[in-house]
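[1] Next one to model:
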Amino acid sequence: MARILIADDEEDFRASVAESLRDAGHEVRECANGDDAIDRMREETFDVLLTDLRMPGRSGIDLLREAAARLPDSILIVLTAYGSLDTAIEALRIGAHDYILKPTRIEALLRKVDLLVRHQAAIAENRFLRGKLEIDVPSNGIAGSSDAIKNVLRLIAKVAPTDSSVLVTGETGTGKELVSRAIHQASPRHDLPFVTINCGSIPEMLLESELFGHTRGAFTGADREKRGLFEVAGAGTIVLDEIGELPMPLQPKLLRTLENREILRVGSTSPIKISARIVAATNRDLRSMVDKGSFRLDLYYRLNVFEIPIPPLRERVQDIREIITHLMDRLCRRLNRPVATIDPDALRALELYRWPGNVRELANVLERGLILADGPRIGIGELPGILTQGAPPAEDDLKAARKHFESAHVRRVIEKYGGDKQQAARALGIDLSSLYRKLQE
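    The predicted structure follows:
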């Protein structure tokens, strides 16, 4: 789906084109004069500009120049009944992708738009892959090389160049804000504001004002006008964290914002256009909430255009050492400590623990260990007792250590497959009888 602006004073033609584009799944804005179209471009971002050359206010050439400056990656198409060689040359010099003479068949125009949108998307993805929009994994804190985390990075790379809404899901502490920030930094909006708000930490009345703003006198204490975070974000990115906690009375207001790309300040009846990219994050099962009637189905579909599920740490144990390295470097710098290491016994305990609090819990454990450690090493004694209860034997007996690790690994795989021992045995590469024998050892 593309966001398209049509600037044309021929009402019947403009309406027909807009209707056909909407039927094809595109989001369309219409303007009957050049001045309104330029105002739109200054308030919102568009993937495609369809403009006539002659209309009230600014000319189509003016619109092309404005779009080329503000929306350098947008598709520019001229539609005119007053074609000339000079205007065609000028339009193409500015950056127009096509110059179409009226009258034209709407079906042919739609095919042209679809072809150019697909072509531009392919260019954007290639630029991303070449590094123009490259994700700097260490700086974003997304550490790991498992297939699970590679899939997260692949999804970020796919959706970042688009304007689509994104729903980031995962347990508490998995790094939903890091993923949200990575989407922003890898997008064409990376130089624009990145705004985040926790929907579960602010009372309902204040939350509405924080999101949408308010007018002076809208409620007791509103002694001056206030811009909401949707306005503050501008054409950047706004992250609605813990979206599952959004109160029911605010859900239809957010839905209207997503559908119309506009907000109403508290106390106002004049809508304000917004152009921010929306990313929502939650640790709750929104689909289950929909079934229970605590979350609107239409809002769920609006938010869940593209989902990025983040796996819990227990499902990517192979990433723990790499994550520890990244966290230790960051913690040592913050605590003004020399670079520290972890004793092998402590490291094994960290790898065997289930991490219900995920990466956030791991970071807290490492920070505690650095504070308790007398030197530049974290030992088993600096870890919380809950981690060391299942730790492998400290002695050097290889057979005992191997047996302990094997037993823990078998149970971990069984849990991964929801208790299905037959499936777990296949994943382990052993038969079912061998699995039962190992469980009894």
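[2] Chain neighbours aside, what residue packs nearest to Leu155?
    Excluding the flanking residues, the one nearest Leu155 by CB to CB, 6 or more residues apart in numbering is Ile308, at 4.7 Å. Heads up, the C-betas are built off the backbone N, CA and C, glycines and all.
[3] So what touches the helix or strand harbouring that neighbour?
    Using DSSP states H and E, Ile308 falls within strand 306-309. Contact partners of strand 306-309, identified using CB atoms under 8 Å, 6 or more residues apart in numbering, comprise 152, 155-156, 158-159, 162, 164-170, 179, 183.
[4] Show me those residues that map onto strands.
    Taking DSSP state E as the definition of strands, these contribute 166-169.
[5] Let me have the residues you listed in JSON lines, extended by distance to Ile100, pLDDT and neighbour count.
    Output for the ones in strands among the contacts of strand 306-309, formatted as JSON lines (distance: CB to CB, whole Å; pLDDT from 0 to 100; neighbours: other CB atoms under 10 Å):
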{"residue": "Val166", "distance to Ile100": "34", "pLDDT": "94", "neighbour count": "25"}
{"residue": "Leu167", "distance to Ile100": "38", "pLDDT": "95", "neighbour count": "21"}
{"residue": "Val168", "distance to Ile100": "40", "pLDDT": "96", "neighbour count": "29"}
{"residue": "Thr169", "distance to Ile100": "43", "pLDDT": "94", "neighbour count": "21"}
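[6] out of the residues you listed, who's nearest Ala96?
    Closest approach to Ala96 among the ones in strands among the contacts of strand 306-309 (CB to CB): Val166, at 31.2 Å.
[7] And the nearest residue to the closest one once chain neighbours are set aside, its phi and psi?
    In space, Val166 comes closest to Val279 once its chain neighbours are excluded; the distance is 4.7 Å by CB to CB, 6+ apart. The phi/psi pair for Val279 (degrees, to the nearest 10) reads phi -120, psi 130.
[8] The most centrally placed residue in the chain: what's it in contact with?
    What sits nearest the mean C-alpha location of the chain, by CA atoms, centre = their mean, is Ser180, with 4.2 Å. Listed by CB under 8 Å, 6+ apart, the contact set of Ser180 reads 166, 168, 196, 237, 239, 241, 279, 281.
[9] any idea how far it is from Gln251?
    The gap separating Ser180 from Gln251 is 20 Å, by CB to CB, to the nearest Å.
[10] before we move on, what about Ile320?
    Ile320 is 38 Å from Gln251, by CB to CB.
[11] And the two? Which one has more around it.
    Shown here are Ile320 and Gln251; by other CB atoms under 10 Å, Ile320 has more neighbours (22 against 17).
[12] where does that one land in three-state SS?
    With DSSP: H, G, I helix; E, B strand; the rest coil as the basis, Ile320 sits in helix.
[13] wait, what's in contact with Ala233?
    By CB under 8 Å, 6+ apart, the contact list for Ala233 reads 192-195, 274, 276.
[14] taking the mean pLDDT, what do you get for the helix or strand harbouring Ile386?
    In the assignment (DSSP H and E), Ile386 maps to helix 385-388. On average, the pLDDT along helix 385-388 is 70.
[15] And for stretch 39-50?
    Stretch 39-50 comes out at a mean pLDDT of 85.
[16] Give me the buried positions along that stretch.
    For stretch 39-50, a neighbour-count test (16 or more other CB atoms under 10 Å) marks 40-41, 43-50 as buried.
[17] Which ones among the residues you listed map onto strands?
    Among these, the members falling in strands (DSSP E) are 48-50.
[18] Centre of the chain to the strand holding Ile308, how far?
    Remark: strand 306-309 is offset 8 Å from the chain centroid, using CA atoms, centre = their mean, to the nearest Å.
[19] Give me the sheet partners of that strand and which way each runs.
    Strand pairing for strand 306-309, using DSSP bridges, gives strand 166-169 (parallel).
[20] buried stuff in stretch 191-202?
    Going by neighbour count (16+ other CB under 10 Å), the buried part of stretch 191-202 is 192, 194-197, 199, 202.
[21] One more: stretch 143-163?
    143-144, 146, 148-149, 152-153, 155-157, 159-163.
[22] What of stretch 297-308?
    Of the residues in stretch 297-308, 299-300, 302-303, 305-306, 308 count as buried by neighbour count, 16+ other CB under 10 Å.
[23] Pick the one among the residues you listed closest to Leu64.
    Val305 (29.9 Å).
[24] quick one: contacts for the closest one?
    Going by CB under 8 Å, 6+ apart, Val305 touches 164-167.
[25] Likewise for Leu258?
    Leu258 neighbours (CB under 8 Å, 6+ apart): 165, 278, 299, 302-303.
[26] Quick check: Met41 vs Ile89, distance?
    From Met41 over to Ile89 the distance is 23 Å, taken as CB to CB.
[27] picking that back up, JSON lines for the ones in strands among the contacts of strand 306-309, including distance to Glu10?
    Below are the ones in strands among the contacts of strand 306-309 laid out as JSON lines (distance: CB to CB, whole Å):
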{"residue": "Val166", "distance to Glu10": "37"}
{"residue": "Leu167", "distance to Glu10": "40"}
{"residue": "Val168", "distance to Glu10": "43"}
{"residue": "Thr169", "distance to Glu10": "46"}
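[28] Quick one: the strands in the stretch 51-200 of the chain, in order.
    75-80, 98-101, 166-169, 194-198 (DSSP state E, counting those that start in this stretch).
[29] Verify the assumption that Ile4 is located in a strand.
    Yes: the assignment for Ile4 by three-state DSSP puts it in a strand.
[30] Looks to me like Leu240 is in a strand.
    Yes: the assignment for Leu240 is a strand, going by three-state DSSP.
[31] For it, name its beta-bridge partners.
    Using DSSP bridges, the bridge partners assigned to Leu240 are Ile197, Ala280.
[32] Which pLDDT value goes with Ala405?
    You called it Ala, but residue 405 is Phe. In this model, Phe405 is scored at 63, pLDDT.
[33] go on, Ile135?
    At Ile135, pLDDT is 40.
[34] same question, Ala408
    Note on Ala408: pLDDT of 65.
[35] Likewise for Ala148?
    On pLDDT, Ala148 comes in at 86.
[36] Wait, it touches Arg316, no?
    Yes: with contact defined as CB atoms under 8 Å, Ala148 counts as touching Arg316 (4.6 Å).
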